[in-house]
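A.B. asks: Predicted model follows, preceded by the sequence.
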Amino acid sequence: MSTSDGTSTKSWLVLWMVLAVAGCALWLYLLNGADEARVWRALLVNFLFFTPLAAGLVVWPAIVATCKGKWHHPVERLASSAIAFALPSLVTLLILWWGSARWSPWNGVNHHQGAWLHPGFLFGRDLAALLIFWGLALYHLRLTRRGEAARSGAVLVLVYCLAFSLIGFDLVMALDPLWHSNLAGGYFFMSGLYGAMTCWALLSVWHPEAGPDQLHDLGKLTVAFSLMTTYLMYSHLLPYWYENLPREIRFLVPRMHMPRWRPLSFFLVGLVYFGPLVLLLPIRTKRSRAALGTVAFLVLCGLWLERWWLVAPTFAPAAHLGLAELSLAAGFAGILGLGMLGARKSGGTP
């Protein structure tokens, strides 16, 4: 390692530590404030953003390898190092379970879904799904190091889709127990893969191992998954508008008709859903580190807002984005950055 590489690593280490400690400390301080439920739901928003993001980073090399792709080998380790977020994601889900009486709509209420929305059963099955996914991810990475991961990669992709569909149904759709959507799970895991691909592109532009060909492929996949996510959201909304059924449009109404949420909805359409299609369409943009990195960073910020947009309007008619949400976003980014840096330095990833 050269002197400049060592200095850069120390700088990132300090940055991630400051973000992790300051962000989590500020969130704990805010828990004692007047709006306790909102502060707890900030933890849910960041769990819903960072967990599928980290899991998707681990899954993406398996997807490429399953499709017989080899272009990703120079940057595979960047994505696989997100396995370090396994323990923080499990701990966060346990904390959400422990504090569910303070923020969830299921405690002490007998909804028509009966035992399905009992907090013990709901968090128990989500924790089991997450444990199975991270356990399989660790096993797959071990096989990858030995060159024996031909079949485990395909199984890992399938388990990712099932586990994060379940989490999407339980921790997004069920926040409003009267809202029904068959596509909520599919949209949640697909947008998680979109965020993970965008993050992989952002990580790659900082590393010399990624050449123009790798950046080009990452840019193309970012555009492809922005279109796929857009298609799923459109498929989500079209029947609502067409059928006008009260139990379905209750998701759409606050997001599209409340004056304080509508501007954010249109902003997300422009940035998250159609932004990559416009900004990354030229080849030179996808092969440029500066351009691809800028677009990837903006889309990641937009996807974090999208997770907040999925949760917050269910509980509040007004959009309040403040320290409760942003402090924990910084804290989780710091924890993920520290973990990935440590995993790459330890050589524990392929």
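C.D. replies: Nice, I can see it. Numbering: from 1, shown residues only.

A.B. asks: For the rest of this, base every contact and every neighbour count on C-alpha atoms.
C.D. replies: Noted.

A.B. asks: Could you tell me which ranges of this protein sit under the pLDDT cut-off?
C.D. replies: 1-7, 347-350 (pLDDT under 70).

A.B. asks: try it again with 80
C.D. replies: Applying pLDDT under 80 to the chain picks out residues 1-8, 108, 150, 236-248, 345-350.

A.B. asks: For the helix or strand Gly195 falls within, name the packing helices and strands.
C.D. replies: Remark: Gly195 resides in helix 184-204, with elements defined by DSSP states H and E. Applying 3 or more CA pairs under 8 Å, 6 or more residues apart in numbering; DSSP states H and E, one finds that helix 184-204 contacts helix 36-66, helix 76-80, helix 152-171, helix 212-243, helix 289-311.

A.B. asks: got a markdown table for these, with mean neighbour count and distance to Met190 too?
C.D. replies: Output for the helices and strands packed on helix 184-204, formatted as a markdown table (neighbours: other CA atoms under 10 Å; distance: least, CA to CA, whole Å):
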| stretch | mean neighbour count | distance to Met190 |
| --- | --- | --- |
| helix 36-66 | 23 | 9 |
| helix 76-80 | 25 | 17 |
| helix 152-171 | 21 | 8 |
| helix 212-243 | 18 | 6 |
| helix 289-311 | 20 | 12 |
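
A.B. asks: Nearest approach to Val253 belongs to which of these?
C.D. replies: helix 212-243 (9.9 Å; CA to CA).

A.B. asks: For the helix or strand following that closest one, which outside residues touch it?
C.D. replies: Sequence-wise, the next helix or strand downstream of helix 212-243 (DSSP H and E) is helix 246-257. Identification of contacts with helix 246-257 by CA atoms under 8 Å, 6 or more residues apart in numbering yields 178-181, 237, 240-241, 261-262, 265, 309, 313-314, 317.

A.B. asks: In TSV: the helices and strands packed on helix 184-204, plus distance to Leu338.
C.D. replies: As requested, the helices and strands packed on helix 184-204 are exported to TSV (distance: least, CA to CA, whole Å):
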stretch	distance to Leu338
helix 36-66	13
helix 76-80	13
helix 152-171	23
helix 212-243	23
helix 289-311	18
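
A.B. asks: Which stretches in the stretch 1-150 of the chain count as strands?
C.D. replies: Using DSSP state E, counting those that start in this stretch, the stretch 1-150 of the chain contains no strands.

A.B. asks: all helices of it, in order?
C.D. replies: 3-30, 36-66, 76-80, 86-98, 100-103, 119-145 (DSSP state H, counting those that start in this stretch).
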